[in-house]
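A.B. asks: Kindly return the folded structure for what I paste below:
(one chain, ligands or ions: 1)
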Amino acid sequence: MVQIQQASEGAMDHAIGRRRRIGILILAAAAALFIPITDGGFSRASGASAKARPEPHCDRTQFRIVVDVGHSLEAPGATSARGISEYEYNLRLATQIEQALLDIGFGQTTLLVTDGPALPGLFKRVNQARALDAQLFLSIHHDSVPESFLKLWDVDGVERHFSDAFKGHSIFVSNDSPEYQGSLRFGRMLGTHMKARGLQYTPHYTEAIMGKRRRQLVDAEAGVYRYDQLIVLRHARMPAVLLEAGSIINRDEELESGSSERRASITAAVTSAVEEFCAYTPKMVAKPAPQMRVPKPRGVRQASARSQSHR
Ligand SMILES: [Zn+2]
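C.D. replies: I've put the predicted structure just below:
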């Protein structure tokens with residue numbers, strides 16, 4: 001700064017021109033370094049960084065994505081403010097996402113519907129995803145709150161629990177996953193596309209009042225949290241993300257979550273994120289998928305994967 005003020009006009013022009021060129025070089029270098037972090041992918045890669053990377057290409061007919069319906073008929077997860085099971089919400093949204101992916105050419109999309117008790121069901125999901133050699137695993141859920149937040153209200157003469165304290169979706173990835181970076185990349189893409197459609201994530205998982213459910217927000221723009229212990233995420237051998245699509249214990253958001261407009265917005269965000277993610281996923285060499293050994297309790301039926309492959 002001082003040097004430029006003391007220099008002659010010509011020297012100043014030269015110095016400014018040189019600073020601009022250096023500035024552009026620094027910006028280009030910074031762009032090359034930070035594009036995967038700031039945009040959740042490589043979609044805005046340009047200049048020198050684009051030259052170094054292969055052209056984005058996605059073979060939709062070959063990309064294998066598993067859309068997991070969270071919970072099961074027998075262990076249906078949370079109960080909404082109006083007494084509807086989370087599983088019902090998950091199944092409806094996940095089915096719509098599966099259909100939308102099939103409609104745009106992702107022919108190897110599998111809707112994973114699991115039955116039976118909760119814990120064994122989680123390992124069954126992981127094994128199914130491994131057996132399918134999936135390149136992306138997306139688990140669909142709807143959120144509730146810790147019991148201490150619950151209040152009572154009357155719904156058609158029945159006493160129900162609700163909490164209007166929080167609303168919004170949230171996206172989780174596990175740092176214990178061997179595919180943490182890929183998971184985070186897809187999580188960011190998904191969060192960015194949700195945001196672009198006016199959907200807001202909930203920041204309340206960072207608050208101390210959440211106690212043991214408190215999570216680290218790893219991307220405050222896209223709304224991606226770390227939840228390392230989640231079985232379906234940490235044991236997956238492919239990029240894996242869990243989406244809490246909205247809070248169904250919140251009376252307003254339950255109504256929104258049940259609307260076709262809301263489901264259409266979320267579905268559009270997911271399909272856009274999958275398109276973007278697929279474009280930069282290297283072709284995978286098929287290899288045997290090791291299965292997890294889990295003791296099978298009596299009376300547990302096999303998970304059913306409803307594949308609608310267009311092969
Ligand atoms: Zn759930």
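A.B. asks: The ion versus residue 258, what's the distance?
C.D. replies: 16 Å (CB to the ion, to the nearest Å). Every C-beta, even on glycine, is put in place using the N, C-alpha and C of the backbone.
A.B. asks: How many residues are close by that residue?
C.D. replies: Neighbour count of residue 258, defined by other CB atoms under 10 Å: 17.
A.B. asks: can you pull the contacts of it?
C.D. replies: Residue 258 is in contact with residue 89, counting by CB atoms under 8 Å, 6 or more residues apart in numbering.
A.B. asks: Excluding sequence neighbours, find me the nearest residue to residue 202.
C.D. replies: Of all residues not flanking residue 202 in the chain, residue 168 sits nearest, at 3.3 Å (CB to CB, 6 or more residues apart in numbering).
A.B. asks: so what's the one you found up against?
C.D. replies: Per CB under 8 Å, 6+ apart, neighbours of residue 168: 199, 200, 201, 202, 203, 223, 246, 247, 253.
A.B. asks: how about 10 Å then?
C.D. replies: When the contact criterion is CB atoms under 10 Å, 6 or more residues apart in numbering, the partners of residue 168 are 143, 194, 199-204, 223, 244-247, 250, 253.
A.B. asks: State the helix or strand in which the residue of the stretch 101-250 of the chain found nearest the ion lies.
C.D. replies: When scored by CB to the ion, the stretch 101-250 of the chain has residue 141 as its residue closest to the ion, at 3.5 Å. Per DSSP states H and E: residue 141 is located in strand 136-143.
A.B. asks: after that strand, next one along is what?
C.D. replies: Next along the chain after strand 136-143, taking DSSP H and E as the criterion, comes strand 151-155.
A.B. asks: Share the number of residues neighbouring the residue nearest to residue 121 when sequence neighbours are not counted, please.
C.D. replies: Closest residue to residue 121 apart from its sequence neighbours, by CB to CB, 6+ apart: residue 114 at 4.6 Å. As a burial measure, residue 114 scores 25 neighbours (other CB under 10 Å).
A.B. asks: doesn't residue 77 make contact with residue 114?
C.D. replies: No - the criterion here is CB atoms under 10 Å, and residue 114 misses it with residue 77 at 11.8 Å.
A.B. asks: Now do the shared contacts for these two.
C.D. replies: In contact with both residue 114 and residue 77: 70, 71, using CB under 10 Å, 6+ apart.
A.B. asks: Quickly run through the sheet partners of the strand holding residue 141, with directions.
C.D. replies: Paired strands of strand 136-143, with direction, are strand 65-69 (parallel), strand 240-247 (parallel) (DSSP bridges).
A.B. asks: Need the pLDDT of the nearest residue to residue 145 once chain neighbours are set aside.
C.D. replies: Sequence neighbours aside, residue 163 is the residue nearest to residue 145 in space, at 4.5 Å (criterion: CB to CB, 6+ apart). What the model reports for residue 163 is a pLDDT of 98.
A.B. asks: May I see the buried residues of stretch 63-81?
C.D. replies: Neighbour counts over stretch 63-81 (16 or more other CB atoms under 10 Å) mark 63-72, 75-81 as buried.
A.B. asks: do the same with stretch 129-142
C.D. replies: Buried residues in stretch 129-142 (16+ other CB under 10 Å): 129, 130, 132, 134, 135, 136, 137, 138, 139, 140, 141, 142.
A.B. asks: now the strands paired with strand 136-143 as CSV including distance to residue 217 and mean pLDDT?
C.D. replies: Shown next, in CSV, are the strands paired with strand 136-143 (distance: least, CB to CB, whole Å; pLDDT from 0 to 100):
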stretch, distance to residue 217, mean pLDDT
strand 65-69, 23, 98
strand 240-247, 14, 98
